[in-house]
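# Turn this into a model:
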Amino acid sequence: MKLLSYVLLLLSISFSAIGEESEPAKAWLERLSNALNKLNFSTSFVVVKNNQAQPYHWFHGVDDTGTELEILSLLNGPRRDILRKGNTVSYIEPELPPYSVTSQQISGPIPAILAGDISQLENIYDFISVGRSRVLGRPAQLIRIEAKNAHRYAYWLWLDQQSSMLLKLSIVTKQGQQLEQIQFTHLEITDKPSESVLQLNETELPVLVDIPQEYQHQELQWDVNWLPEGFTQINANRHKISLTKQPVEFMLLSDGLVDISIYVNGSQEKQRNADFAMDGATLALNQVNEGIEVSVVGKIPSTTAKAIADSITIKPPKP
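Model (predicted):
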């Protein structure tokens, strides 16, 4: 009888665990989005790549009016802060005067889509609930965002079982090689926003930069004839490279999770084979073909970057 009771107990625990772990991955990701938008939290995390770690401190809060307040600070090296008050995001960087833009999301190491509508990714990624583990001393659920083809990397997320907050993120190749990791080292969730965050309401943010629509969507002198499914153009313009003052045409593409930047300019060289450089998951390709220099930068495999670069053709001159 005791043995039977013990077996029944084990079965009940097993089925309970299976039931909890079989909860759809999309539901976990939706709760993560809700947590990133509505919780008051103070966190620290490190971005680990190339055997180096970059530490960050991240505050988020919602004040009495429902306005989101956010601070992201890089803790090593020259001061780099990103401040958000509602739909205004301010950047404080050593190379540029402080400035603000209109946006609902900050641009940092953690993909902004995780705080947005994750359903935008369903046509190009699979959401997979894998199982439990332990991260930052907390029970965590592993959710994998897997690309449906070989043109992208996978994103593995470990979410706090209790709050659904992000505890760890890894960018992984199709072969399972980890290229980059974000590891949280501290997480504190409170009922009210911290004083550091509330002080944003009393802070005068830098001047808002108004970027005309016609500047963001200029007609370029070249076409991209191949892209992985799901990538769309976000921005296109002409400007000069700050260091060399050389004119360049620029295009920004995104699938919602991954951004790709393309730079095209004339070259004195006729031909040069592709050079590749990697910084964690971020790849930079540069090549010259028929006197046209092309650079492709993004968290994408080298084969994807090469296919994009090779597909670029110059438009025929207008009559």
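# Only C-alpha atoms from now on, for both contacts and neighbour counts.
Noted.
# Looking at the record's assignment, how would you partition this structure?
Domain assignment for the chain, taken from automatic domain parsing, gives 23-202, 213-314.
# For D81, see how far away N37 is.
Distance, N37 to D81, by C-alpha to C-alpha, to the nearest Å: 19 Å.
# Is it possible to get CSV of the domains of the chain that adds mean pLDDT and mean neighbour count?
Formatted as CSV, those follow (pLDDT from 0 to 100; neighbours: other C-alpha atoms under 10 Å):
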stretch, mean pLDDT, mean neighbour count
domain 23-202, 96, 17
domain 213-314, 91, 16
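# Quick check: which element contains H60?
Under the criterion of DSSP states H and E, H60 resides in strand 52-62.
# after that strand, next one along is what?
Taking DSSP H and E, what comes next after strand 52-62 is strand 68-74.
# Need the residues that contact that next one.
Identification of contacts with strand 68-74 by C-alpha atoms under 8 Å, 6 or more residues apart in numbering yields 37-38, 54-63, 79-86, 108, 197-198, 200.
# just the strands in the stretch 201-319 of the chain please.
222-224, 232-240, 247-254, 259-266, 271-279, 282-289, 292-298, 312-314 (DSSP state E, counting those that start in this stretch).
# Run through who's touching the second one.
Applying C-alpha under 8 Å, 6+ apart, the contact partners of strand 232-240 are 215-220, 246-255.
# do the same with the first one
The contact list for strand 222-224 (C-alpha under 8 Å, 6+ apart) reads I308, A309, S311, I312, T313, I314, K315.
# swap the cut-off to 6 Å and go again
Strand 222-224 is contacted by residues S311, I312, T313, I314, K315 when judged by C-alpha atoms under 6 Å, 6 or more residues apart in numbering.
# What sits closest to the last one if chain neighbours are left out?
So that's K315. Computed as C-alpha to C-alpha, 6 or more residues apart in numbering, the closest residue to K315 that is not its neighbour in sequence is W222, at 5.0 Å.
# Remind me what the strand or helix carrying K26 packs against, helices and strands.
K26 is part of helix 25-38, with elements assigned from DSSP H and E. Contacts defined by 3 or more C-alpha pairs under 6 Å, 6 or more residues apart in numbering; DSSP states H and E place helix 25-38 against strand 125-135.
# what do you get if the cut-off is 10 Å, keeping everything else the same?
strand 52-62, strand 68-74, strand 125-135, strand 138-147, strand 154-160, strand 166-172 (3 or more C-alpha pairs under 10 Å, 6 or more residues apart in numbering; DSSP states H and E).
# With distance to N289 added, can I get those strands in a markdown table?
What follows is the helices and strands packed on helix 25-38, written out as a markdown table (distance: least, C-alpha to C-alpha, whole Å):
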| stretch | distance to N289 |
| --- | --- |
| strand 52-62 | 35 |
| strand 68-74 | 38 |
| strand 125-135 | 33 |
| strand 138-147 | 30 |
| strand 154-160 | 31 |
| strand 166-172 | 31 |
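# I'd like the distance from the residue nearest the centre of the chain to D259, if you could.
Most central in the chain under C-alpha atoms, centre = their mean is P111, positioned 2.3 Å from the mean C-alpha point. Distance check for P111 against D259: by C-alpha to C-alpha, it reads 10 Å.
# Equivalent analysis for F184, please.
In terms of C-alpha to C-alpha, F184 sits 23 Å off from D259.
# quick revisit: how about the residue nearest to the centre of the chain: what's its closest non-neighbour residue?
L257 is the one closest to P111 (C-alpha to C-alpha, 6+ apart), at 6.3 Å.
# do W158 as well
For W158, the closest residue by C-alpha to C-alpha, 6+ apart turns out to be L142, at 4.5 Å.
# now do W156
Nearest residue to W156, sequence neighbours excluded (C-alpha to C-alpha, 6+ apart): R144, at 4.4 Å.
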